[in-house]
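Undergrad: give the three-dimensional model of this entry:
(2 chains, ligands or ions: 2)
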Amino acid sequence: MFPNAAQYGQSAPVETSLIELALYGTVALIGAIFFLTILAIITLPLFFGAMYLMELVIRGFQNLVDPVGKYAKLAGLVFRSLRRNLLRTALTYIALFVLTGMLTMLYGVITTIGKMTTDQENSQLVIMSEKFGIPSMMKPGYAANLKGLMRDKLPKEMQPADIDQNFMTWSFVGGTLDPAKMTQENSLFLFALDPDAVTNGMMKEQGLNPEDLGEDGWAEMMRIIDLVKQDKRNIVVGADRLEKIGKKVGDEMKLFGTNYKDIEFECKIVGAFPPGSRMGMNAAMRFDYLIAKLDDYRARTGKDHPVADRCLNLVWVRMPNKAAYQQLAAVVAEPSSFSNPATKMETFSAAIGSFLEPFKDIFWGLKVLIMPAIVVIMCLVIGITITIGVRERWTEMAVMKVMGFQPWQIMTMIVSEAMLIGTFGGMLSTWAVYFLPMAIRSITKAIGVKFAFFDTFHSPWEIVLYGPLLGILVGLIGSALPAWNARKVKVSEVFATVA
Amino acid sequence: MSAIVEVRDLYKSFSRGDEKIDVLMDLTLDVQEGEFLALMGPSGSGKTTLLNLIAGLDSPTEGTIRVGDQIISEKSESELARWRTRNVGFVFQFYNLLPVLTAYENVELPLLLLQLSKAQRKKQVENALSLVGLGDRMTHRPGQLSGGQCQRVGIARAIVTDPTIVVCDEPTGALDAKSANDALNLLGLLRSELGKTILMVTHDPHAAERAQRIVQLEKGRLVGGNPLPALARLN
Ligand SMILES: Nc1ncnc2c1ncn2[C@@H]1O[C@H](COP(=O)(O)OP(=O)(O)OP(=O)(O)O)[C@@H](O)[C@H]1O
Ligand SMILES: [Mg+2]
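TA: Ligands and ions are numbered 1, 2, ... in the order given. Below is the predicted model of the structure:
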C-alpha cells in the first residue's frame, strides 16, 4: 500500500481519482470491521476467561485479612455485575474490540508513514531524478557524471567510503507476453539495475534486506543474485506476479517491451521475490541487458532507439550524513552539472513525502478527525452500556446507599465496571492485532508456507501498552456520566410513592 | 425510661417545579426503646416519608429528630450514611436483595462498611441467618429462594449490624398469608427476645395488630392514638 520509488518515478499519484480512493477506503473499512468482528468473537472466550481468572484471584483475596479481604469482596461485586448480563457485556466487548482495532490499524498506518517521511540523520538514501518530468527520464551518462561530481566536488569526508558500493541506477522496463492484447495477467514491471545493488543493501527500502527477509530469506536472495550474475538474460520475479502471469521459477519467456517499443527480451526466471513483500508484484532484470538490447536495436535499424537517450530513470546514492546529502544536492542543482534535462536530489523520505503530498489532507483527517471520533464512539458505547446497567440496578444502588454506602463508593463500583470492560477490550484487541500476525508468521514459517499479508504486517510495539491504557481512559470517560447519576440516587425518592 | 426515637415539630415538604407539596406537618412522635410500633394510614399520607426521615434517608424541612443519642436531623448526607450503617436496619416490601449475591453475602454486605474482623463478621452473619431460620440456605441466591425466605434474608440483613432501630416499610406487602405470618412472628421475636425497637409501616390491620401501638397518619398529620407510648402497653 505504500509507494515504492517505482511508482514515484513511474506515474503521478495525483492521477488516482478521489472516487477510486474513496472506494478502496470503503472496501478496506468494511474488510477491517469484518475481520475485527470475527477476531472479537473468536477472542470472546479469552475475554470471559481472563475476567473469570481475575475474579478467581479476587475471590482468593477475599479470604485475606481486612481491609484487603473486605475490598476484595466489594470488587467481587463488580465482576458479578458484569456477569449478570453476559450478552450485553459481550456486545460491548466486541464493539470496543472492533473500534480499538480500527484505531490500532490507523495508528499503525500513520506512524509508519511518519517514520518513512522522517529523515534519518545517518546514512541517507537519496534519489536523483529529473527535475520537471514525470516520469523521470534522464540520460544514461548522468550516472557516471554524478559519480564524477561526487568525487571532484565533495570533500573527502562527505563522500561515501566507496562510491560504487553506495550507488544504484534504476531503469523501469515494462514488458508483456502478448503485445497484441496487454493485460494484468500477461505483463510485468521490471527494475533494470546492477545485481550488486541488492548485495550492497541499496535495495533495502524495497524490502530486500536481512531484517525483512529473515536470515534464510536473505541467504536465498544472495544465491539468486549469483544466478542472475551468470547470464544477462536471467531475471527475478515477485512470487505474487509469477502467480498472476502463470509462470514459475525456471520458465523462460519472451517479453515485448511496452515503454521500449520494438525491443524483445528473452528472459529466464531464476528466482522469486517473497510473496507479500514490497517486490512481490514486481520484477528485476540486469541493466546491462537493457543496454545490450538498445545496442542491438541500433545495429538492427541503423539508428538509436527513441528512448535510448532517456533510459535512466532514477539514481540512488547512500550518503554518510545529512550535511553530505545537502552538499551533494546543491552541487546537483547547479546548471553546470545537469541541464538537459535538469535534475533534483531528495532524500528517500522526502520523496515519499512528496509522493504522499496529495493525500496529506486525508492523513490529517484520519489523525485529527477520524481517530478522535473513534475514541468518542468508544466512550459512547461504554456510556450506553453502563447507563443501561445503572438504570437496571437503580433500586439496588439505593439499597446500598440505605445500608450506608457512600456516593463515591457507588461511583467507584460503576466506573470499575466500565474500566474493566474497557481495559480487557483494549488489551485483547491491540494484542490480537500485534501478536496474531507474529504468531501466524512463526506458524507458517514452521510449516513452510508463506502468507503474504502477515509477512508484511508489522504494528508498532507500543500499541501493546496503548491498548489497555486507552481502555482505562475510555472506561473512565464513558462511565463518568452514569456513575455521577448513580451517585446522586435519592434514596427517599426511590422508596416513596411519588405521585 | 426515655424514648429512643424523638420526633419534634416535624415538617416536611417537597417542591416539584413551582409547586410545594406539604407531606408531613407539625408532627410529634416518641418511640420507646424496645417498642414495636405500627404506622398506618391511607396511601399518600406520608408514612414512607416519615419512616425515611427517622431512618436518616432524608432530612426534614423543619423540626428535629433524635435517634438514640444523635440528633440526626442536623447531620450531613455522608454523616447520615455512616450513621445508618450502625444504627438502622431497613426491611423493604420487595426485599431488595442483590440478586448476584448469595444469602450469606447479602447479609454480610452492610458489615463490610464496619471495622470488624473476618471471624466476627462470619459469626454475626451466621447468627443473623440462623435466627431467621435460614442457616441452611446461606449459599443460595435470591432467585433460588421463595418470597418468604427472601424477606427473612432481608430481616437478617436488617439486624446483622445490631442497629438501634429496625424500620420496615410494608414488610408483608408482597407476601402470602403464611409467609407474612412467619415474618411478623420473626419481628415479634426480635422485639421480645432481642429487645429491638421496630417501626413498621403497614396497610394490613392483621399485621398492625402484632404491634404494641398503632399510630395513624392522615394527610401528613397524626390522628387518633397517643403520640406518646403508653407504658402499660409495653409489657
Ligand atoms: N421525593 C418526593 N418528591 C415529591 N413528592 C414526594 C416525594 N416523596 C414523597 N412525595 C409525596 O409525598 C406524599 C407521601 O408519600 P409517601 O410515599 O410517604 O406515602 P405513603 O403513605 O408511604 O403511601 P403508600 O401507602 O402508597 O406507600 C405523596 O403525595 C408523594 O407524592
Ligand atoms: Mg409508602
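Undergrad: contacting residues for A:Trp394?
TA: A:486, A:489, A:494 (Cβ atoms under 8 Å, 6 or more residues apart in numbering or on different chains). The way it works is simple: take the backbone N, C-alpha and C, and place the C-beta from them, glycine included.
Undergrad: same check, this time on A:Asn313
TA: Contacts of A:Asn313 (Cβ under 8 Å, 6+ apart): A:9-10, A:129, A:135-138, A:170-172.
Undergrad: follow-up on the earlier one: just the buried subset of the contacts of A:Trp394, written out for ChimeraX, thanks.
TA: To isolate the buried members of the contacts of A:Trp394 in ChimeraX, using 16 or more other Cβ atoms under 10 Å in any protein chain shown:
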select /A:486,489,494
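Undergrad: restricted to helices, list the contacts of A:Trp394.
TA: A:486, A:494 (DSSP state H).
Undergrad: where does chain A have low pLDDT?
TA: The model of chain A has pLDDT under 70 over residues A:1-18, A:119-123, A:448-458, A:497-499.
Undergrad: ok, longest helix in it?
TA: Assigned via DSSP H, chain A shows its longest helix as helix A:18-61.
Undergrad: that one close to chain B?
TA: No. Judged by Cβ under 8 Å from any Cβ of the partner chain, helix A:18-61 makes no contact with chain B; its nearest approach is 11.5 Å.
Undergrad: which elements pack onto that helix?
TA: Packing contacts for helix A:18-61, counted by 3 or more Cβ pairs under 8 Å, 6 or more residues apart in numbering or on different chains; DSSP states H and E, involve helix A:68-84, helix A:86-116, helix A:407-447.
Undergrad: what's the helix or strand for the closest residue to ligand 1 within the stretch 151-300 of chain A?
TA: Using Cβ to the nearest ligand atom, the closest approach of the stretch 151-300 of chain A to ligand 1 is made by A:Gly276 at 66.6 Å. Of the helices and strands defined by DSSP states H and E, none includes A:Gly276.
Undergrad: give me phi/psi at it?
TA: phi 80, psi -10 (degrees, to the nearest 10).
Undergrad: A:Gly238 is in contact with that one, correct?
TA: No. If you go by Cβ atoms under 8 Å, A:Gly276 and A:Gly238 don't touch, sitting 9.3 Å apart.
Undergrad: may I ask which helix or strand encompasses the spatially most central residue of chain B?
TA: Relative to the mean C-alpha position of chain B, the nearest C-alpha, by Cα atoms, centre = their mean, is the one of B:Val167, at 0.8 Å. Per DSSP H and E: B:Val167 is located in strand B:165-169.
Undergrad: what sits against the one residue sitting closest to the centre of chain A?
TA: With distances taken as Cα atoms, centre = their mean, the residue of chain A nearest its centroid is A:Val109 (5.0 Å). Counting by Cβ under 8 Å, 6+ apart, A:Val109 makes contact with A:Leu366.
Undergrad: how near is it to A:Leu125?
TA: Distance, A:Val109 to A:Leu125, using Cβ to Cβ, to the nearest Å: 22 Å.
Undergrad: and A:Asp164, by the same measure?
TA: Distance from A:Asp164 to A:Leu125, by Cβ to Cβ: 16 Å.
Undergrad: more neighbours: which of the two?
TA: A:Leu125 (21 against 11; other Cβ atoms under 10 Å in any protein chain shown).
Undergrad: parallel or antiparallel, list what pairs with the helix or strand harbouring that one.
TA: Element membership for A:Leu125, per DSSP H and E: strand A:122-130. Strand A:122-130 pairs in its sheet with strand A:314-321 (antiparallel), strand A:343-347 (antiparallel), by DSSP bridges.
Undergrad: in that strand, which residues are buried?
TA: A:123-130.
Undergrad: in JSON lines: the residues you listed, plus distance to ligand 1.
TA: As requested, the buried residues of strand A:122-130 are exported to JSON lines (distance: Cβ to the nearest ligand atom, whole Å):
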{"residue": "A:Ser123", "distance to ligand 1": "75"}
{"residue": "A:Gln124", "distance to ligand 1": "74"}
{"residue": "A:Leu125", "distance to ligand 1": "74"}
{"residue": "A:Val126", "distance to ligand 1": "76"}
{"residue": "A:Ile127", "distance to ligand 1": "76"}
{"residue": "A:Met128", "distance to ligand 1": "81"}
{"residue": "A:Ser129", "distance to ligand 1": "78"}
{"residue": "A:Glu130", "distance to ligand 1": "81"}
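Undergrad: tell me which helix or strand B:Leu27 sits in.
TA: strand B:19-32.
Undergrad: mind listing the strands that strand pairs with, and their directions?
TA: Here, using DSSP bridges, strand B:19-32 pairs with strand B:3-16 (antiparallel).
Undergrad: show the average pLDDT along the strand it pairs with.
TA: Strand B:3-16 carries an average pLDDT of 92.
Undergrad: buried residues in it?
TA: Quick answer for strand B:3-16 (16+ other Cβ under 10 Å): B:3-7, B:10, B:12, B:14.
Undergrad: contacting residues for residue 41?
TA: Answering for chain A, as no chain was given. A:Ile94.
Undergrad: hm, I was asking about chain B
TA: Contacts of B:Gly41 by Cβ under 8 Å, 6+ apart are B:47, B:216-218.
Undergrad: hang on, isn't B:Arg121 packed against B:Pro110?
TA: No. Checked against Cβ under 8 Å, the pair B:Arg121 and B:Pro110 is beyond contact range at 10.3 Å.
Undergrad: these two - which one has more neighbours?
TA: B:Pro110 (24 against 20).
Undergrad: from the buried residues of strand B:3-16, pick the one nearest A:Leu23.
TA: Of all the buried residues of strand B:3-16, B:Phe14 has the smallest distance to A:Leu23: 60.9 Å, by Cβ to Cβ.
Undergrad: in contact with the closest one, which residues?
TA: B:20-21, B:23 are the contacts of B:Phe14 under Cβ under 8 Å, 6+ apart.
Undergrad: what's the distance between A:Pro135 and A:Leu193?
TA: 16 Å.
Undergrad: brain fart, A:Val27
TA: 34 Å.
Undergrad: which one of these two is surrounded by more residues?
TA: Counted by other Cβ under 10 Å, A:Val27 and A:Leu193 do not tie: A:Leu193 has more neighbours, with 22 against 10.
Undergrad: next secondary structure after the longest helix along chain B?
TA: Assignment by DSSP H gives helix B:177-194 as the longest helix of chain B. Once helix B:177-194 ends, the next helix or strand along the chain (criterion: DSSP H and E) is strand B:197-201.
Undergrad: is any residue of stretch B:64-72 near chain A?
TA: No. Using Cβ under 8 Å from any Cβ, stretch B:64-72 never reaches chain A; the gap is at least 13.0 Å.
Undergrad: circling back to that earlier point, and A:Gly276 and A:Gly238? Which one has more around it.
TA: Counted by other Cβ under 10 Å, A:Gly276 and A:Gly238 do not tie: A:Gly238 has more neighbours, with 23 against 20.
Undergrad: pretty sure the more buried one is touching A:Asn282, no?
TA: Yes. Contact criterion Cβ under 8 Å: A:Gly238 and A:Asn282 qualify, at 5.2 Å.
Undergrad: what touches both of these two?
TA: With Cβ under 8 Å, 6+ apart, A:Gly238 and A:Asn282 have common neighbours A:Phe273.
Undergrad: hang on, the earlier thing: quick one: the residue nearest to the centre of chain A from A:Ala161, how far?
TA: A:Val109 is 36 Å from A:Ala161, by Cβ to Cβ.
Undergrad: repeat that for A:Ala439.
TA: A:Ala439 is 41 Å from A:Ala161, by Cβ to Cβ.
Undergrad: thought B:Ile65 was touching B:Asp9?
TA: No. Here B:Ile65 does not reach B:Asp9: they are 10.2 Å apart, not a contact under Cβ under 8 Å.
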